[in-house]
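[1] Sequence first, predicted model second:
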Amino acid sequence: MQRDYPLERVRNFGIVAHVDAGKTTTSERVLFYTGSQHNIGEVHDGDTTTDWMEQEKERGITITAAAITCFWAPTYLSDTERQGKEKKYRFNVIDTPGHIDFTVEVKRSLRVLDGAVVVFDGVAGVEPQSETNWRYAEEASVPRICFINKLDRTGASFERSYASIQNRLSKKAVRITLPIGEEEKHEGVIHLLRQKAYYFEGEMGNKVVEKEIPEDMKADADKYRAELIERIVENDEVLMNKYLSGEEIDLDTLRTTLRKAVIANEIFPVFAGSALKNKGVQLVLDAVVDFLPSPLDIPPIVGTHPTTGEEVIRHASDEEPFAALAFKLQADPFVGQLTFFRVYSGTIESGTYIYNSTTGTKERLGRIVRLQADKREEVKKVFAGEIAAAVGLKDAKTSHTFCDEENPIVLDQIKFPEPVISLRIEPKTKADQEKMGMALKRLSDEDPTFRIKSDADTGETVIMGMGELHLEIIVDRMKREFAVEANVGKPQVSYKETIQGEAEVENKYIKQTGGKGQYGHVKIKIKPLPEYDPEEKVPKNAKREPGFEFIDAIKGGVIPGEFIPAVEKGIREAMDRGILAGYKMTDISAELNFGSYHDVDSSEIAYKIAASQAFQEAAKKARPVILEPIMKVEVVVPEKFMGDITGNLSGKRGQIEAMEDRGDLKVVRAKVPLSEMFGYVTSLRSMTEGRGSSTMEFDHYAVVPQNVAATIIEARTGGK
């Protein structure tokens, strides 16, 4: 079986944005214009292809990333050329959520995609989740195209939104198209490279009509085109010299040079339009072809050999050994568990065995499907550069590597943010008890930012997530998909504990009984751990990870090597229990630097207990504090409510960071503790006569003020 499209004509990209900027509406136009569907679904009608979950239809938001496959030939080709398969490009598109509670979907999607179309609201410009998504794309070095959407809305401004991209995201953004009119006068767009105006006529704007640039916009078009060409030629010395000597540079050369600059993340092209009014989307699809990379244009994937630890490289080629990364799990009511994976090299066929180098196990790959949101197309074989899903793999988890057993490789795991909110949950009936455990496990396998733990004191089940909506959706899915009824408590903040000073403690655990006794003797030193940097090289005797470092500084074998892991385990268990209020401790470096052993009585359990006791005593001396999650909050309100809003946020221990205008509205940006923000949306509505809106996302952990810490400790310990 041969691949149906050559690699150079494959584009794997995501559509990302802040909530309500128009991602799903844009995705629907992509499907319609590429011929993948014959009618356009609308978010407000609940009939879009990519928002297929019941919860998505009801709320009008995207919750889970949906994969779609479609085909596109650029609009600048003739009608005859556009019909031929040899001129078409294969798009593997992922429509991602914009709500911060489902940020895991964006992060893991960007990890396996080669490019992204970042959608912005033409009224609001850059919003909080736009910044987060941009940061994720930066971490993954993903080339981006910007689409300023909703330019038909009242208060829309292309220039203001473009300025917000330049000021808050990157100075490398540059205009490629300009809108012809804004708000109700938005008619079409001008393409600066092609020096033409484009209008979108026919059924749902499917007919792209090329005309001359309107007279009243020629001056602006010339000015911004000169600016664009300068930005392009900066990336090629030969072109720069031609340009400075006054030579005219042809369109194909400009397009090729711009493509190289976009793939190198030196330029982010900006497009204008309105997906809802069917204007400008086709030119964005042309840009995906022209400027975003194929799998051949991105650097080869780098991993490590599972046994030797040596660096291993795989190029995007069907001829290389098979290597793929599982990036998402999804429970499907009809076929069971789906494991989404991106193939980086080689090929894999259904019916063969797949080797999981992360776990060292093999599983039979019964079926492979390509996804069209909630619909599936069965395929026999997938090739390098493709995205597909395996049906029924039992041991696979997010971030696991699949590869050729004879040529093993382990790819870097995807790092996910920690949950910041929790609530207690209990089954309503005895029959729900067993089903709830199974449902929670399935849901936590799907979503790495959703965690489950059991409260050691009460035996209750606690679920943790990224926000109130995140946990609300989890409980709703349990009820609908797994038929589990549950009682839930009030949301709680996921506090943490840490230390601000250093301490050194020596401890012996000695227990004599009639027979063999117990003997463990350790001396440990603890201190605050600097912010985790995966690039920083640590000494061979140190083991560092986010939140914890363990240093084995034992010399002369005063503690035998087989007992060292038990010491580390004892410290970890003590950190899990906390010191002040029972919250998990983080950002601590622990050094084991002395101890002794007994030839007969020393044991792993003795060293574990000795280390745990030593750590607890040291932590009490090292100025322990409680940490709380601080949220980045953006509030948009009419000017007359400005004073009330800033006063209210300050009263919530918030720090106002910026205030700016957005059309007729005012925007307040602040950092506020999560504990103060429960129910804020309701109180904001009452303060602003229903005209205010807010968004909130996790920013960082900070030390809780002493008076607040005392209240938290009192509530957790009952004053003991």
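    The structure has been received and is ready for your questions.

[2] Just the helices from the stretch 551-700 of the chain, written as ranges.
    564-577, 604-621, 642-651, 680-687 (DSSP state H, counting those that start in this stretch).

[3] Just the buried residues of the shortest one, please?
    Burial within helix 680-687, assessed by neighbour count using 16 or more other CB atoms under 10 Å, is assigned to Tyr680, Leu684, Met687. (Glycine included, C-beta is placed from N, CA and C.)

[4] As PDB, could you dump the C-alpha coordinates of it?
    Output of helix 680-687 as PDB, limited to C-alpha atoms (Å, rounded to 0.1, in the frame of the first residue of the first chain):
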ATOM      1  CA  TYR A 680     -16.600  35.900  40.800                       C
ATOM      2  CA  VAL A 681     -18.500  35.600  37.500                       C
ATOM      3  CA  THR A 682     -21.800  35.900  39.300                       C
ATOM      4  CA  SER A 683     -20.700  38.900  41.500                       C
ATOM      5  CA  LEU A 684     -19.200  40.600  38.400                       C
ATOM      6  CA  ARG A 685     -22.600  40.400  36.600                       C
ATOM      7  CA  SER A 686     -24.400  42.000  39.500                       C
ATOM      8  CA  MET A 687     -21.700  44.700  39.800                       C
END
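
[5] what about Ser694, distance to Asn648?
    11 Å (CB to CB, to the nearest Å).

[6] Next, count neighbours for Gln129.
    By other CB atoms under 10 Å, the residues close to Gln129 number 25.

[7] Count the neighbours of the closest residue to it other than its chain neighbours for me.
    In space, and not counting its chain neighbours, Gln129 is closest to His18: 4.0 Å by CB to CB, 6 or more residues apart in numbering. His18: 27 surrounding residues under other CB under 10 Å.

[8] which stretches of the stretch 101-250 of the chain have low pLDDT?
    101-103 (pLDDT under 70).

[9] At which residues are the helices of the stretch 201-350 of the chain located?
    218-233, 237-244, 251-263, 281-291.

[10] quick one on the thing from earlier: turn the helices of the stretch 551-700 of the chain into TSV, columns for distance to Phe450.
    Below are the helices of the stretch 551-700 of the chain laid out as TSV (distance: least, CB to CB, whole Å):
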stretch	distance to Phe450
helix 564-577	19
helix 604-621	29
helix 642-651	29
helix 680-687	22
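
[11] So which of those is nearest Thr96?
    helix 680-687 (22.9 Å; CB to CB).

[12] Would you mind pulling up the elements that that closest one packs against?
    Applying 3 or more CB pairs under 8 Å, 6 or more residues apart in numbering; DSSP states H and E, we find helix 680-687 packed against helix 642-651, strand 693-703.

[13] Need the winner for burial among these.
    Across those, averaging neighbours per residue (mean count of other CB atoms under 10 Å) puts strand 693-703 on top, at a mean of 17.

[14] State the mean pLDDT of the helix or strand following that strand.
    Sequence order places helix 706-717 as the next helix or strand after strand 693-703, per DSSP states H and E. Averaging pLDDT along helix 706-717 gives 88.

[15] mind exporting helix 706-717 as PDB, just the C-alpha atoms?
    In PDB, the C-alpha atoms belonging to helix 706-717 read as follows (Å, rounded to 0.1, in the frame of the first residue of the first chain):
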ATOM      1  CA  GLN A 706       0.600  34.900  57.600                       C
ATOM      2  CA  ASN A 707      -3.000  35.800  58.700                       C
ATOM      3  CA  VAL A 708      -4.500  33.800  55.800                       C
ATOM      4  CA  ALA A 709      -2.100  30.900  56.400                       C
ATOM      5  CA  ALA A 710      -3.300  30.700  60.100                       C
ATOM      6  CA  THR A 711      -6.900  30.400  58.900                       C
ATOM      7  CA  ILE A 712      -6.000  27.600  56.400                       C
ATOM      8  CA  ILE A 713      -4.000  25.700  59.100                       C
ATOM      9  CA  GLU A 714      -6.900  26.100  61.600                       C
ATOM     10  CA  ALA A 715      -9.400  24.800  59.000                       C
ATOM     11  CA  ARG A 716      -7.200  21.800  58.100                       C
ATOM     12  CA  THR A 717      -6.100  20.700  61.500                       C
END
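
[16] And that helix, what's buried?
    Residues of helix 706-717 classed as buried by neighbour count (16+ other CB under 10 Å): Val708, Ala709, Ile712, Ile713, Arg716.

[17] hmm, back to that, so which of the helices of the stretch 201-350 of the chain comes closest to Glu311?
    helix 251-263 (23.3 Å).

[18] want to throw the helices of the stretch 201-350 of the chain into JSON lines with distance to Arg314?
    What follows is the helices of the stretch 201-350 of the chain, written out as JSON lines (distance: least, CB to CB, whole Å):
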{"stretch": "helix 218-233", "distance to Arg314": "32"}
{"stretch": "helix 237-244", "distance to Arg314": "33"}
{"stretch": "helix 251-263", "distance to Arg314": "19"}
{"stretch": "helix 281-291", "distance to Arg314": "25"}
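
[19] Pick the most buried one from the ones you listed.
    helix 281-291 comes out most buried of the helices of the stretch 201-350 of the chain by mean count of other CB under 10 Å, with a mean of 23.

[20] Looking at the chain, which strand is longest?
    strand 624-638 (DSSP state E).

[21] Show me what it is packed up against.
    Using 3+ CB pairs under 8 Å, 6+ apart: strand 624-638 touches strand 496-499, helix 642-651, strand 665-673, strand 693-703, helix 706-717.
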